[in-house]
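1. Only the shape, not the letters, is given here:
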């Protein structure tokens, strides 16, 4: 690996560790977080599996990507399909039961709590077909929330715990309920600012 590549990896690791400190008030230190946070392990493994998934001309790379993804799932309890796109500084807190589907896109500085599903709706497939949600930047996804289908959750939004979202959410919204309804954010929702 080139020096530039190593610097890029180290920068990404540092950013992810900083995101863990910001997203979890119980975070005690980078070494402990790096060794003991399954959300970090799942995201780091995904960064590798995604590179394998999109590698063209490398025979068997998609199989290896899926295999590594399943090993990470068994170890962390977090399933991220190698085809999903995860932005910078995404932090999965606790993480058990998180599922992120193949065509999902997660923006930068997203905080994901345990039990979140970014799931598909329908059986469409093929190049360019999107079945999973797109999550904007600086979004908080509350514990147990489910975002289903080819929807978009706008940046700076908060999805409440156990909310089911099946329609687009405007930027700067708070979404609660089953099925979730959006309202403007007031800034007093009691969630960390990312």
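-> It's in. In this text the structure is predicted, and so the values were computed from the model without any measurement.
2. can you give me the helices in this protein?
-> Assigned by DSSP state H, the helices in the chain fall at 3-23, 30-36, 38-54, 61-76.
3. and the angle for the longest one with helix 38-54?
-> Here the directions of helix 3-23 and helix 38-54 differ by 140 degrees (axes from the mean of the first three to the mean of the last three Cα atoms, to 10 degrees).
4. packing partners for helix 3-23?
-> In terms of contact count using 3 or more Cβ pairs under 8 Å, 6 or more residues apart in numbering; DSSP states H and E, helix 3-23 is assigned the packing partners helix 30-36, helix 38-54, strand 91-92. C-beta coordinates here come from the backbone N, C-alpha and C atoms, glycine included.
5. Tell me which strands the last one pairs with, and in which orientation.
-> Partner strands and pairing direction for strand 91-92 (DSSP bridges) are strand 111-112 (parallel).
6. Can you lay out the helices and strands packed on helix 3-23 as TSV showing mean neighbour count and mean pLDDT?
-> Output for these, formatted as TSV (neighbours: other Cβ atoms under 10 Å; pLDDT from 0 to 100):
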stretch	mean neighbour count	mean pLDDT
helix 30-36	13	94
helix 38-54	20	96
strand 91-92	28	97
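7. Any idea which of these gets closest to residue 160?
-> Residue 160 sits nearest to strand 91-92 of all these, at 17.4 Å, using Cβ to Cβ.
8. Need the contact partners of the closest one.
-> Outside strand 91-92, the residues that touch it by Cβ atoms under 8 Å, 6 or more residues apart in numbering are 16, 19-20, 22-24, 38-40, 42-43, 78, 98, 110-113.
9. Could you rerun that using 7 Å?
-> 19, 20, 23, 39, 42, 43, 78, 98, 111, 112 (Cβ atoms under 7 Å, 6 or more residues apart in numbering).
10. Tell me where the model's unsure across the chain.
-> Where the chain drops to pLDDT under 70, the residues are 1-5, 180, 190-194.
11. can we see that at 80?
-> Residues of the chain that meet the criterion pLDDT under 80 lie in 1-7, 122-128, 179-181, 187-194.
12. Please convert the helices and strands packed on helix 3-23 to TSV, extending it with distance to residue 67.
-> Below are these laid out as TSV (distance: least, Cβ to Cβ, whole Å):
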stretch	distance to residue 67
helix 30-36	24
helix 38-54	9
strand 91-92	21
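13. So which of those is nearest residue 130?
-> Of the helices and strands packed on helix 3-23, the one closest to residue 130 (Cβ to Cβ) turns out to be helix 38-54, at 15.8 Å.
14. Fine by me, thanks again.
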